[in-house]
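> what would the 3D arrangement of this be:
(one chain, ligands or ions: 1)
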Amino acid sequence: MRIPFTKMQGAGNDFVVLDETQQAYGLTPAQYRFLADRHFGVGADQILSVRPAPHPGVDFAYVIHNADGGEVENCGNGARCFVRFVHDRGLTARRQVRVQVHGGVMTLQLDDDGRVTVDMGPPVFDLPRIPFDPQGLTPRFVGAWEVWPLPLAWMGGMAEVPVSVLSMGNPHAVWRVDDVDAAPVADWGPLIERHANFPRRVNAGFLQVLDRRTARLRVFERGVGETLACGTGACAAVVAGIRHGWLDERVDVRLPGGTLTIAWAASQGLDAPVLMTGPAEPVFEGVIDVPDLP
Ligand SMILES: N[C@H](CCC[C@H](N)C(=O)O)C(=O)O
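Okay, the predicted model is just below:
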């Protein structure tokens, strides 16, 4: 099947974007994996599908597949690229669009300077909705909020990682570390991602607080591995930092691929929406023959 696509990136988190507003390609997980493959396909962290609005309350549907072929609930950097894509292709004349994702409805605003602000909706802390199974774990409190001591089997022994858990439509575990450059992202990221207490796996964020308005972050993403940036991960890390009293309500998050600005007015209530601002750039367009893969 010959498919046109647009390659895009948001702070180095990269995507293959497909316009399925006129026709659905009906791709299989193996075909999504092919598109994401950096040697045999186009290469991307996620595949984003633009689809028709499923109901009058939104302008489009937004479907996301990780590089491993699995469909997921949300993608923050992808949302910024989404609105840039639909505007640049003339699928809408509006600079603000609402999209339906598994994780809910988001409002995307294409700013005059080319950056994009996304209303990501409120964070979710209800453990079963993350989902996180606390079985066998006893939390301790930092500030007014739990930290869960996650046991990791490592080098024949047991390590313990203190994580804050929440959902931004997709699951996140955030660990505050002293130095992200020295953090065991490659070794412990996969162990956290697939930990038994996360029934649908989890995105693992490694947060370093520089000051109350500046943080560094590395993310080992569920279904991908370490990426240059993770939008929902930056949101989750700032929410965790604010709840634990480490951060103010507006933070610049420095990721390896770029900086995102996250704002969460927690003083107005935990159901306040999280706002994310950052770049969204097209890289190239192309056409690719996707083999029949069951
Ligand atoms: N790996 C994530 C999906 C993409 C999230 C990330 N690329 C973002 O910008 O939010 C998950 O499995 O939940």
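> and residue 131, what does it touch?
171, 198-200 (C-beta atoms under 8 Å, 6 or more residues apart in numbering). The way it works is simple: take the backbone N, C-alpha and C, and place the C-beta from them, glycine included.
> so is it in a helix, a strand, or just coil?
Residue 131 falls in the coil class when you classify it by DSSP: H, G, I helix; E, B strand; the rest coil.
> kindly report the same for residue 192.
Classification of residue 192 by three-state DSSP places it in helix.
> let me know how buried residue 143 is, in neighbour terms.
By other C-beta atoms under 10 Å, the residues close to residue 143 number 13.
> same question, residue 3
Residues near residue 3, counting by other C-beta under 10 Å: 18.
> in which helix or strand would I find it?
Element membership for residue 3 (DSSP states H and E) is strand 2-10.
> and residue 239, by the same measure?
Assigned by DSSP H and E, residue 239 belongs to helix 231-243.
> got the CA positions of that helix in PDB?
Only the C-alpha atoms of helix 231-243 are listed here, as PDB (Å, rounded to 0.1, in the frame of the first residue of the first chain):
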ATOM      1  CA  GLY A 231       5.300  16.200  26.200                       C
ATOM      2  CA  THR A 232       3.100  14.300  28.600                       C
ATOM      3  CA  GLY A 233       6.200  13.300  30.500                       C
ATOM      4  CA  ALA A 234       7.100  17.000  31.000                       C
ATOM      5  CA  CYS A 235       3.600  17.700  32.200                       C
ATOM      6  CA  ALA A 236       3.700  14.700  34.600                       C
ATOM      7  CA  ALA A 237       7.100  15.800  36.000                       C
ATOM      8  CA  VAL A 238       6.000  19.400  36.600                       C
ATOM      9  CA  VAL A 239       2.700  18.300  38.200                       C
ATOM     10  CA  ALA A 240       4.700  15.900  40.500                       C
ATOM     11  CA  GLY A 241       7.200  18.700  41.300                       C
ATOM     12  CA  ILE A 242       4.400  21.100  42.200                       C
ATOM     13  CA  ARG A 243       2.500  18.600  44.300                       C
END
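> same for that helix, what does it pack against?
Counting by 3 or more C-beta pairs under 8 Å, 6 or more residues apart in numbering; DSSP states H and E, the packing neighbours recorded for helix 231-243 are helix 76-88, strand 157-167, strand 171-176, strand 203-211, strand 214-221, strand 250-255, strand 258-264, strand 274-278.
> what's the mean pLDDT across the last one?
Throughout strand 274-278, pLDDT has a mean value of 98.
> buried sites along the following helix or strand past that strand?
Sequence order places strand 281-289 as the next helix or strand after strand 274-278, per DSSP H and E. Going by neighbour count (16 or more other C-beta atoms under 10 Å), the buried part of strand 281-289 is residue 281.
> near the ligand, which residues of the stretch 151-294 of the chain?
Within reach of the ligand by C-beta under 6 Å from any ligand atom, the stretch 151-294 of the chain has these residues: 170, 203, 221-224, 230-232.
> returning to that earlier point: what would the helices and strands packed on helix 231-243 look like in a markdown table with mean neighbour count and distance to residue 284?
Output for the helices and strands packed on helix 231-243, formatted as a markdown table (neighbours: other C-beta atoms under 10 Å; distance: least, C-beta to C-beta, whole Å):
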| stretch | mean neighbour count | distance to residue 284 |
| --- | --- | --- |
| helix 76-88 | 26 | 13 |
| strand 157-167 | 18 | 33 |
| strand 171-176 | 26 | 31 |
| strand 203-211 | 23 | 27 |
| strand 214-221 | 24 | 23 |
| strand 250-255 | 22 | 23 |
| strand 258-264 | 22 | 19 |
| strand 274-278 | 23 | 20 |
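> reformat these as CSV; add distance to residue 137.
Shown next, in CSV, are the helices and strands packed on helix 231-243 (distance: least, C-beta to C-beta, whole Å):
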stretch, distance to residue 137
helix 76-88, 27
strand 157-167, 10
strand 171-176, 12
strand 203-211, 16
strand 214-221, 20
strand 250-255, 27
strand 258-264, 26
strand 274-278, 26
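> low-confidence ranges, the stretch 151-294 of the chain, go.
Counting by pLDDT under 70, the stretch 151-294 of the chain has no low-confidence residues at all.
> so stretch 89-103, near the ligand or not?
No: against the ligand, stretch 89-103 shows no contacts by C-beta under 6 Å from any ligand atom, the least distance being 8.9 Å.
> what comes into contact with that stretch?
Taking C-beta under 8 Å, 6+ apart as the rule, stretch 89-103 contacts 6, 19, 21, 50, 53-55, 57-64, 71-75, 79, 82-83, 85-87, 105-111, 121, 167-170.
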